[in-house]
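Participant: Here's my sequence, what's the structure:
(one chain, ligands or ions: 1)
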Amino acid sequence: MTALPGTLDATTLVVDLPSDVSLADLLPALDPSAVWLLRGEGLIGLGAAAHVRARGAERFAELAQWHEQHLAPLAAAARLPPELEAVPGAGPVALTSITYSSASAADSHLILPELTLGSAEGQHWITAVTRTAAWDEDFEQESGDDGPGLRTVDPGERNPHSLDPAALRRLHVLLTKHGLQLHDGQLRLRGGAPDAGRPRHKDRHEGAASRPATSLIQGSHSEQHYLRAVRAGVDAIEHRRLEKLVLARDVVVVADAPLPTGPLLAALATDYADCWTYLAGDVLGATPEMLVKIRGQELSARVLAGTVDGRAGLERARTLLLEDPKQRDEHRLAAQSLLEQLAPVAQELHAQDPPAVLELPNVFHLSTDVTGRLTAQTPALLVAERAHPTAAICGTPTATAGELISTLECLDRGAFSGPVGWIDARGNADFGIALRGGILQEQGTQVRLYAGCGIVAGSVPEEELAETWAKMRPMLGALGVPVP
Ligand SMILES: C=C(O[C@@H]1C=C(C(=O)O)C=C[C@H]1O)C(=O)O
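Facilitator: Numbers count the residues shown, from 1 in each chain. Below is the predicted model of the structure:
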């Protein structure tokens, strides 16, 4: 444990997981406050040591300022075990979701979990962030039946810098509170059995049986409304007001009890392992698109635009995507917008050309990987602000598309299609685009799902409507709703 500026303390330990258990396997048994996982690795946040909210045009700047004042100082103060020093995301880390629009009535979030489980580059760790004063007062009460005994915390031989008793007590309380224990350096679900970290719902049918009953209802508008909006969008493009715009719609899934997010996210992480499974604030899903990833001065991104339903099969999808000028144009505009928006803060920007075809279980996309270097010490959240919104989720030109979206969609997108991901204390960050997801509402008994499509000259409204259903398939599947 290290004393930190203000009232925050951070402790990071290297841990092991039971063999054959990944971080994602722990999810069904947990109640996470924030999640970011790809192929079983990433971050699971539990509880919150701090939760910052912002709205309006200054939302990125306000969250960046909080990061600068409260999280960045922890980088210097919280000594990381040597194996983790070069691992992005290790140590104190905040998970974030930012609304698509500055006009949204919804909050943007920065969540500093009180306990973070992390896994990357073959290393696993836990980070506890606590407010010392409050903890010292509350400890006797919170430690409950286990008393001051530290039975759930045995840091093991890989953490030689012995923790002081106060840090051990805090870890004990946090692990217990979140249903975990640390035994000889191995992180397990509480329950004692050596393989207690094993997923409870490996059998998907068992998981489905414990899920509340769900049904699908209309969202803010009818399908007819969406068809009319697309027609109006195509009309505006054909009258040369703009080249592309992305129009979204929503539907609502209602449940007869609060939806447990751990099992829901675990299902997405299993079925869409090549997507980033996320939860931050009230938004959750599994996105295939990376707005910008920052590692020191290096940046990278994965731009997607141009879609074919997965039922077409790979060979036909390749032809439909790579040889259709409409798809290629729609994609080119998206990649170009990212390059133009990052140019003021980056150099050596390089975009893969021609694009590749990305295969997902539900859809195929045209995909362009972008790499570059940041030119100045721009805070990660302000790099994300520059990059957002690309033409993958807004249009070209941005301002005209933005105006048309608000008049034609008639939706508050909230966090949908905004940046979502994490920032560590050292400024490394992943910002995906919050797609293929939904927003939890009504105390978690309802999820509002969103999907949008890029509209260009010649787009056919009925095909775009069908594409929105294909893009909602991951969430509908995880929620147990038959796809219409
Ligand atoms: C807007 C969404 O997806 C975006 C739009 C795409 C398209 O129109 O082809 C493809 C990928 C994403 O950039 C969505 O999933 O809701």
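
Participant: Please name the nearest non-neighbouring residue to the most centrally placed residue in the chain.
Facilitator: The centroid of the chain falls nearest to residue 278 when counting by C-alpha atoms, centre = their mean (3.2 Å). Distance criterion C-beta to C-beta, 6 or more residues apart in numbering; nearest residue to residue 278, sequence neighbours excluded, is residue 420 at 5.1 Å. Where C-beta positions appear, they are placed from N, C-alpha and C, glycine not excepted.

Participant: picking that back up, which residues does the residue nearest to the centre of the chain bridge with?
Facilitator: Under DSSP bridges, the beta-bridge partners of residue 278 are residue 36, residue 285.

Participant: wouldn't the residue nearest to residue 278 be in contact with residue 289 here?
Facilitator: No: in this structure residue 420 lies outside contact range of residue 289 using C-beta atoms under 8 Å: 10.3 Å.

Participant: Pull up the residues of the chain that are close to the ligand.
Facilitator: When proximity is defined as C-beta under 6 Å from any ligand atom, the chain approaches the ligand at 246, 289, 304-307, 365, 392-393, 435-436, 451-454, 471.

Participant: Quick check on residue 420 and residue 289: which one has the bigger neighbour count.
Facilitator: residue 420 (32 against 24; other C-beta atoms under 10 Å).

Participant: show me the contacts for that one.
Facilitator: Listed by C-beta atoms under 8 Å, 6 or more residues apart in numbering, the contact set of residue 420 reads 96, 97, 98, 278, 280, 283, 287, 431, 432, 433, 434.

Participant: Looking at those residues, spot the one nearest residue 299.
Facilitator: residue 431 (10.2 Å; C-beta to C-beta).

Participant: quick one on the thing from earlier: any buried residues in the one helix or strand the residue nearest to residue 278 maps to, and which?
Facilitator: Remark: residue 420 resides in strand 419-424, with elements defined by DSSP states H and E. Within strand 419-424, the residues that count as buried by 16 or more other C-beta atoms under 10 Å are 419, 420, 421, 422, 423, 424.

Participant: how close does the residue nearest to residue 278 sit to residue 293?
Facilitator: For residue 420, the distance to residue 293 (C-beta to C-beta, to the nearest Å) stands at 13 Å.

Participant: where do the contact lists of those two overlap?
Facilitator: Residues touching both residue 420 and residue 293 (C-beta under 8 Å, 6+ apart) are residue 431.

Participant: And the contacts of whichever strand or helix holds residue 328?
Facilitator: In the assignment (DSSP H and E), residue 328 maps to helix 325-342. Contacts to helix 325-342, defined as C-beta under 8 Å, 6+ apart, come from residues 243-244, 291-292, 299, 301, 303-306, 320-322, 349, 351, 355, 366, 368, 370, 372, 383, 386-388, 390-392, 394-396, 398, 454, 456-459.

Participant: Which ones among those residues lie within strands?
Facilitator: Counting by DSSP state E, the part of these found in strands is 244, 291-292, 299, 301, 303-306, 349, 351, 366, 368, 370, 372, 395-396, 454.

Participant: in stretch 405-425, what's buried?
Facilitator: Judged by neighbour count (16+ other C-beta under 10 Å), stretch 405-425 contains these buried residues: 405, 408-409, 411-425.

Participant: What is the burial count for residue 63?
Facilitator: Residue 63 has 25 nearby residues by other C-beta under 10 Å.

Participant: Could I get the contacting residues of it?
Facilitator: So residue 63 contacts 52, 54, 96, 98, 108, 110, 381 (C-beta under 8 Å, 6+ apart).

Participant: From the residues you listed, pick the one nearest the ligand.
Facilitator: Taking C-beta to the nearest ligand atom as the measure, the ligand lies nearest residue 98 of the contacts of residue 63, at 16.1 Å.

Participant: Is that closest one in contact with residue 415, as I believe?
Facilitator: Yes: Residue 98 lies in contact with residue 415 (C-beta under 8 Å); the separation is 7.1 Å.

Participant: circling back to that earlier point, I'd like the contacts of residue 63 laid out as TSV, including secondary structure.
Facilitator: Formatted as TSV, those follow (DSSP: H, G, I helix; E, B strand; the rest coil):
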residue	secondary structure
52	strand
54	strand
96	strand
98	coil
108	strand
110	strand
381	helix
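
Participant: Out of these, flag the one nearest to residue 484.
Facilitator: Closest approach between these and residue 484, by C-beta to C-beta: residue 98, at 30.6 Å.

Participant: Now the phi/psi pair for the closest one, please.
Facilitator: Backbone geometry at residue 98, expressed as degrees, to the nearest 10, gives phi -130, psi 140.

Participant: For it, give me its contacts.
Facilitator: Residues near residue 98 by C-beta under 8 Å, 6+ apart: 59, 60, 63, 108, 109, 384, 388, 415, 418, 419, 420.

Participant: which residue packs closest to it, ignoring adjacent ones?
Facilitator: Going by C-beta to C-beta, 6+ apart, residue 98 has residue 108 as its nearest residue, at 4.2 Å.

Participant: what about the residue sitting furthest away from the middle of the chain, distance to residue 406?
Facilitator: No residue in the chain sits farther from the centre than residue 239, which is 37.3 Å out by C-alpha atoms, centre = their mean. The spacing between residue 239 and residue 406, counted by C-beta to C-beta, is 19 Å.
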